[in-house]
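# quick one: sequence and predicted model below, then my questions.
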Amino acid sequence: MLGTILAAFVVLALLFAGMAIGVILSNKPLKGSCGGLAALGMKDGCEICGGDKDACEENTRQVSAKRAAELGRDVLKT
């Protein structure tokens, strides 16, 4: 009984670790699932881009570049 529970825990832990490693190695930002609040009719669009995917991607690139530049400056100062 205890062996079965321990084996199930180890298998689940390995699955979670594998998924985490896959996300880290893919080096892509996490994305939401299909639909979300817009599919439920609770939200009309993104507050930042108004639902325009190209504008969202551009904004994400700009924010990422700004953060990288800030991190680069912080690394050089220390």
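Thanks, I have it.
# quick one: contacts for Ser64?
For Ser64, the contact set (C-beta atoms under 8 Å, 6 or more residues apart in numbering) is empty. Placement of C-beta: from N, CA and C, glycine included.
# so what's it scoring on pLDDT?
Listed pLDDT for Ser64 reads 75.
# separation between it and Lys31?
From Ser64 across to Lys31, the span is 14 Å (C-beta to C-beta, to the nearest Å).
# now Ala20: how far from Leu30?
Separation of Ala20 from Leu30 (C-beta to C-beta): 12 Å.
# ditto for Val10
Applying C-beta to C-beta to Val10 and Leu30 gives a distance of 26 Å.
# so Ala20 and Leu30 - more neighbours on which side?
Shown here are Ala20 and Leu30; by other C-beta atoms under 10 Å, Ala20 has more neighbours (10 against 6).
# avg pLDDT for the host helix or strand of the more buried one?
Per DSSP states H and E, Ala20 falls inside helix 2-26. Across helix 2-26, pLDDT averages out at 94.
# who touches it?
In contact with helix 2-26 (C-beta under 8 Å, 6+ apart) are residues Leu30.
# buried residues, that helix. List them.
When burial is assessed from 16 or more other C-beta atoms under 10 Å, helix 2-26 yields no buried residues.
# any idea whether Pro29 is helix, strand or coil?
coil (DSSP: H, G, I helix; E, B strand; the rest coil).
# ok, for it, nearest residue in space, not its chain neighbours?
Thr60 (7.0 Å; C-beta to C-beta, 6 or more residues apart in numbering).
# tally of neighbours for the one you found?
Neighbours of Thr60 (other C-beta under 10 Å): 13.
# my guess is it contacts Lys31, does it?
No: using C-beta atoms under 8 Å, Thr60 makes no contact with Lys31, being 10.3 Å away.
# and the gap between the residue nearest to Pro29 and Phe9?
In this view, Thr60 and Phe9 are 37 Å apart by C-beta to C-beta.
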